[in-house]
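Participant: quick check, what structure comes out for this input:
(one chain, ligands or ions: 2)
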Amino acid sequence: MADTATPNVIRRADYAPPAFLIDTVALEFDLVPERTVVRNTMRVRRNPDASHAANLELMGEQLEFVSAAIDGAPFANAHAHEHGLTLDNVPDDFELTLTSVCNPAENTTLSGLYVSGGNFFTQCEAEGFRRITYFLDRPDVMATYTVTLRASKADYPVLLSNGNLREEGDLPDGRHFARWEDPFRKPSYLFALVAGKLVALEERVKSGSGKEKLLQVWVEPHDLDKTRHAMDSLINSISWDEERFGLELDLDRFMIVAVSDFNMGAMENKGLNIFNTKYVLANPETATDTDFANIEAVVGHEYFHNWTGNRVTCRDWFQLSLKEGLTVFRDQEFSADMAGGARDEAARATKRIEDVRVLRQMQFAEDAGPMAHPVRPESYVEINNFYTMTVYEKGSEVVRMYQTLFGRDGFRKGMDLYFKRHDGQAVTCDDFRHALADANGRDLAQFERWYNQAGTPRVSVRTKYDAAQQRYSVTLTQGYGDAAPAARDTQKGPLLIPFAIGLISNDGRDLPLQLEGETRASDATTRVLEFTQTEQTFTFVNVAQEPLPSLLRNFSAPVIVEYDYSADQLAFLLAHDSDPFNRWEAGQRLATRELLTLAGRAATGVPLQLDDSVVAAFARMLTDETLSPSFRELALMLPSEAYLAEQMAESNPAAVHAARQFVRKRLANALRQDWLAVYEKHRTPGAYEATPEASGHRALKNLALSYLAELDDPAEAVRLASAQYDAANNMTDRSAALSALLNAAAANGGSVEAQQALDDFYRRFEKEPLVIDKWFALQATQRGSAQRPVIEIVRKLMAHPAFNLKNPNRARSLIFSFCAANPAQFHAEDGSGYAFWADQVIALDAINPQVAARLARSLELWQRFTPTLRDGMRAALEKVASQVKSRDVREIVEKALA
Ligand code: TRP
Ligand code: ZN
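Facilitator: Numbering: from 1, shown residues only. Ligands and ions are numbered 1, 2, ... in the order given. Reported below is the predicted structural model:
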């Protein structure tokens, strides 16, 4: 995108410290939905470390300016404008009091102060605080906050803000107040308030040093029966951070509040985390096993931000991954420890596989398109567009690599030094890297490239065995292939890649590893090679037979490995690799290769066939009782259509769908008896348990059901699914049964059983918005057929009384599910999906730019698609570009069209 077209590009290189600092903030709110008055008294002084500025420039948006006073006297030289407030010729050190008005009732952006379900909530990250009051709304301005809330006691009985409750009481006219003090300095993006009719589940726990802490999960009264799991997850998070990182909860009280209108997952406001209801509310009847796991992960994530993000925060938004990548890494480790403890590698691998799937499907795709950016971006137009897979998930992989290089103990030493140096500060990704380097006595200059180069690195591998010398050499070459244009010009040189490797003998065992120059083999049968040059050869000695290499074990770096395994070798690794991740990976490679061949045939109309050896490899996995059910479920799941389409020279969703469906049907029919046996064997009768074991059984059983629904004669699957639907005592089984019924019926344009189950589901859960979201999503992601394209169903559902474009969860459940999770239907040749997409992006743009921009991204890879689809996609993008107003959506579509 040319800079001239968008003059508002913000660049990392332009960072300058703020001309003024704000040390204390006293906020007073008179909460009224249409007209909330905010009085803000700040202690302001000139920043000794910045160049002089006569005027104080405060940010402000959508505010009605009322008055300004300096040191108690009215100040006339204050000018409100579109972007904030300018105060001319201010003193060096003064008290500034500002009064302004905002309109929470009309705030559909869900940024700043807004009303949802009759209650007040705030969302300030990244730049929402300026929609509440005039401020230096940037993370390197840290202050202590005192907050006084006043509101009608009948309408808003609960008044919450950050920190500790200092005082509360009644006021005249049926109003009341509460005063909160947060003892810790914080940037404005961590400010929060909540007011309304809410109730809390409470627990008192003792932290490591013996102090008592009050924990609360606040929800609407009818949701109180869905808070236990979030509370347990919070209690576990608190213990885990003490044990693993020696980090204790620093406040006497820690609150989680659930709100149904929310732009993302959750927000780590100091002491007052605000969550999308989706990541709080769960009981067995309404939430799936995946929901339970997601809640644990997100509760952990926000809690862990208390140290990685809040106690040590970001200097500027280019450093976002400093807190997000690190905190994602911490929540991933937390979930793995909860599932398998520190030692159960197989159970930990399940979590690792799930995380890598997301990374490869979503982040690698981002790197291949116009939004490709480094973990630490160089520029942005709208910061909200940079809460991305790259910043979060690749950022987490970058943090994980420190641990892979230095071990858990070395990583812990680095974290300790990071907090010792930077507690209470706003810092950079470089500061984090330096702490890790210094604590481990290493120079990590080269490692900076992981932060400043966009694109997915490729490592190609060549191996050579010298039988006479018993030497085995592994030559690694790194590069970026033909990376996306946006990534190409940022490449500065080779990366430090921790490359974990094992060598496997022909009886399937790990061989001892001795590198040239070492006196003997190490005990470990996995070695982390430090691969630092463009090309580098590692030679293993005393290798008695030609081994099969197990490459990039546990996915030790976020790269693509290119190595020419034969199908037999992959089947062997799938059966024998001691590294559970790579065992799964071998199956994925085998399936991906086969599916891409088939997709190529489908694209040119050649008849499809599947090699018996692939069916045999699946059969072995399906019946291997030595493996955990959850692992088998992951191994038997084919790569997603989106991932496969991405791997094609020209993405062809219809061909991918045809190929994948062909394989699913073939596996269903060929292994029918095995699927049936697995289905019966892994039922979980009796009361629902949310344990990893029980959920593994359900996952494998429901995968079997989904394969059975592909049978040429699905009568038996329909019978099983109907029975499962009726008897289910939990949402995992009920929604899996409904999904199987919908897909079994797709080829016939629907079935009585599917329709009955859909109607029953709606009636049963009419009062549970999160379940109705599932009802929309299941229909939007169903298979569909020529007689009954899913777009028609989606269009009809848009008019359903329960549909509401203003609620992001609802919009996501129908529109995003269709546009981003049903590629074969969305990319219909007639362009109907694209026209629908354009209309919805334009409609959302006027309501909620952040959500609109997310939806806008579902067309960003348009140039990688087959030519027959490209024109329709470009036309839809151009239509959106010509009509949208928000900076958020403009940045996305302009980059896509550039
Ligand atoms: N900091 C939040 C997290 O990762 C995410 C976040 C950023 C967010 N901006 C937001 C959440 C806006 C909700 C709305 O935990
Ligand atoms: Zn986060």
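Participant: which residue does the stretch 301-450 of the chain bring closest to ligand 1?
Facilitator: Y387 (5.1 Å; C-beta to the nearest ligand atom). (Glycine included, C-beta is placed from N, CA and C.)
Participant: check the chain too.
Facilitator: As assessed by C-beta to the nearest ligand atom, ligand 1 sits closest to M264 within the chain, at 3.5 Å.
Participant: low-confidence ranges in this structure?
Facilitator: 1-7 (pLDDT under 70).
Participant: and the next element down the chain from the helix ranked longest in it?
Facilitator: Longest helix in the chain by number of residues (criterion: DSSP state H): helix 395-422. Using DSSP states H and E, the helix or strand that follows helix 395-422 towards the C-terminus is strand 426-427.
Participant: just checking, what packs against that next one?
Facilitator: Under the contact criterion of 3 or more C-beta pairs under 8 Å, 6 or more residues apart in numbering; DSSP states H and E, strand 426-427 touches strand 313-314.
Participant: is the strand it packs on positioned near ligand 1?
Facilitator: No - using C-beta under 6 Å from any ligand atom, we find that strand 313-314 stays clear of ligand 1, coming within 10.4 Å at best.
Participant: next, the angle from whichever helix or strand comes after that strand to helix 395-422.
Facilitator: Downstream of strand 313-314, the next assigned helix or strand under DSSP H and E is helix 320-340. If you take axes from the mean of the first three to the mean of the last three C-alpha atoms, to 10 degrees, helix 320-340 sits at 110 degrees to helix 395-422.
Participant: how far does helix 320-340 sit from its chain's centre?
Facilitator: Remark: helix 320-340 is offset 11 Å from the chain centroid, using C-alpha atoms, centre = their mean, to the nearest Å.
Participant: and the gap between V219 and ligand 2?
Facilitator: For V219, the distance to ligand 2 (C-beta to the ion, to the nearest Å) stands at 21 Å.
Participant: that residue: neighbour count?
Facilitator: The tally of other residues near V219 (other C-beta atoms under 10 Å) stands at 23.
Participant: next, give phi and psi for the closest residue in space to it that isn't next to it in sequence.
Facilitator: Sequence neighbours aside, A258 is the residue nearest to V219 in space, at 4.7 Å (criterion: C-beta to C-beta, 6 or more residues apart in numbering). As for A258, its main-chain torsions (degrees, to the nearest 10) stand at phi -100, psi 140.
Participant: list the contacts for A258?
Facilitator: By C-beta atoms under 8 Å, 6 or more residues apart in numbering, the contact set of A258 is 217-220, 223, 275-277, 280-281.
Participant: on that earlier part again, packing partners for the longest helix of the chain?
Facilitator: helix 228-245, helix 320-340, helix 429-439, helix 449-452, strand 497-504, strand 527-531.
Participant: out of the ones you listed, which is closest to Y563?
Facilitator: strand 497-504 (11.0 Å; C-beta to C-beta).
Participant: report all helices and strands that the closest one contacts.
Facilitator: Packed next to strand 497-504, using 3+ C-beta pairs under 8 Å, 6+ apart, are helix 395-422, strand 471-479, strand 527-531, strand 548-551, helix 567-576.
Participant: reformat the ones you listed as a markdown table; add distance to ligand 2.
Facilitator: As requested, these are exported to a markdown table (distance: least, C-beta to the ion, whole Å):
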| stretch | distance to ligand 2 |
| --- | --- |
| helix 395-422 | 10 |
| strand 471-479 | 30 |
| strand 527-531 | 28 |
| strand 548-551 | 31 |
| helix 567-576 | 35 |
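Participant: which of these is buried the deepest?
Facilitator: strand 548-551 (a mean of 22; mean count of other C-beta atoms under 10 Å).
Participant: in its sheet, what does the helix or strand that that one is followed by sit against?
Facilitator: Note on strand 548-551: by DSSP H and E, the next helix or strand toward the C-terminus is strand 560-562. Here strand 560-562 has these sheet partners by DSSP bridges: strand 458-466 (parallel).
Participant: list the buried residues in the partner strand.
Facilitator: When burial is assessed from 16 or more other C-beta atoms under 10 Å, strand 458-466 yields the following buried residues: 459-461, 463.
Participant: would you mind measuring from V614 to L595?
Facilitator: 10 Å (C-beta to C-beta, to the nearest Å).
Participant: now do the shared contacts for those two.
Facilitator: V663.
Participant: re the thing from before, R45 versus the residue nearest to V219, what's the distance?
Facilitator: Distance, A258 to R45, using C-beta to C-beta: 39 Å.
Participant: repeat for R683
Facilitator: From R683 over to R45 (counting by C-beta to C-beta), the distance is 68 Å.
Participant: and if you look at L405?
Facilitator: Using C-beta to C-beta, L405 is found at 43 Å from R45.
Participant: now the strand of greatest length in the chain, how far from the chain's geometric center?
Facilitator: Longest strand of the chain, by residue count under DSSP state E: strand 175-187. Relative to its parent chain, strand 175-187 has a centroid offset of 30 Å by C-alpha atoms, centre = their mean.
Participant: ok, how many other residues are close to E516?
Facilitator: 12.
Participant: distance check, L98 against L113.
Facilitator: Following C-beta to C-beta, the distance that separates L98 from L113 is 15 Å.
Participant: which SSE is L595 in?
Facilitator: helix 580-603.
Participant: does that helix pack against any helices or strands, and if so which?
Facilitator: Packed on helix 580-603, when contacts are counted by 3+ C-beta pairs under 8 Å, 6+ apart, are helix 345-358, helix 567-576, helix 612-623, helix 629-636, helix 641-647, helix 653-670.
Participant: just give me how far the helix or strand following the longest one sits from the chain centre.
Facilitator: It stands for helix 653-670. Toward the C-terminus, helix 653-670 is succeeded by helix 672-681 as the next helix or strand (DSSP H and E). Centroid separation for helix 672-681 versus its chain: 34 Å, with C-alpha atoms, centre = their mean.
Participant: how about helix 672-681 as PDB, C-alpha atoms only?
Facilitator: C-alpha atoms of helix 672-681 as PDB (Å, rounded to 0.1, in the frame of the first residue of the first chain):
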ATOM      1  CA  ARG A 672     -17.000 -49.700   8.700                       C
ATOM      2  CA  GLN A 673     -16.700 -52.500  11.200                       C
ATOM      3  CA  ASP A 674     -13.800 -50.900  13.000                       C
ATOM      4  CA  TRP A 675     -15.500 -47.500  13.200                       C
ATOM      5  CA  LEU A 676     -18.600 -49.300  14.600                       C
ATOM      6  CA  ALA A 677     -16.500 -51.200  17.200                       C
ATOM      7  CA  VAL A 678     -14.700 -48.000  18.200                       C
ATOM      8  CA  TYR A 679     -18.000 -46.200  18.500                       C
ATOM      9  CA  GLU A 680     -19.300 -48.800  20.900                       C
ATOM     10  CA  LYS A 681     -16.100 -49.200  22.900                       C
END
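Participant: angle of that helix against helix 629-636?
Facilitator: 150 degrees.
Participant: buried ones in helix 672-681?
Facilitator: Those would be 672, 674-676, 678-679, for helix 672-681 by 16+ other C-beta under 10 Å.
Participant: give me the contact list for stretch 738-748.
Facilitator: By C-beta under 8 Å, 6+ apart, stretch 738-748 touches 702, 705-706, 708-710, 714, 717-718, 721-722, 725, 751, 753-754, 757-758, 761, 778-779, 782-785, 788.
Participant: still on that earlier bit, from what I can see the residue of the stretch 301-450 of the chain closest to ligand 1 touches M264, true?
Facilitator: Yes - the pair Y387 / M264 is scored as a contact, 7.0 Å apart, by C-beta atoms under 8 Å.
Participant: export the buried residues of strand 458-466 to JSON lines and tack on distance to ligand 2?
Facilitator: Converted to JSON lines, these look like this (distance: C-beta to the ion, whole Å):
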{"residue": "V459", "distance to ligand 2": "29"}
{"residue": "S460", "distance to ligand 2": "34"}
{"residue": "V461", "distance to ligand 2": "35"}
{"residue": "T463", "distance to ligand 2": "40"}
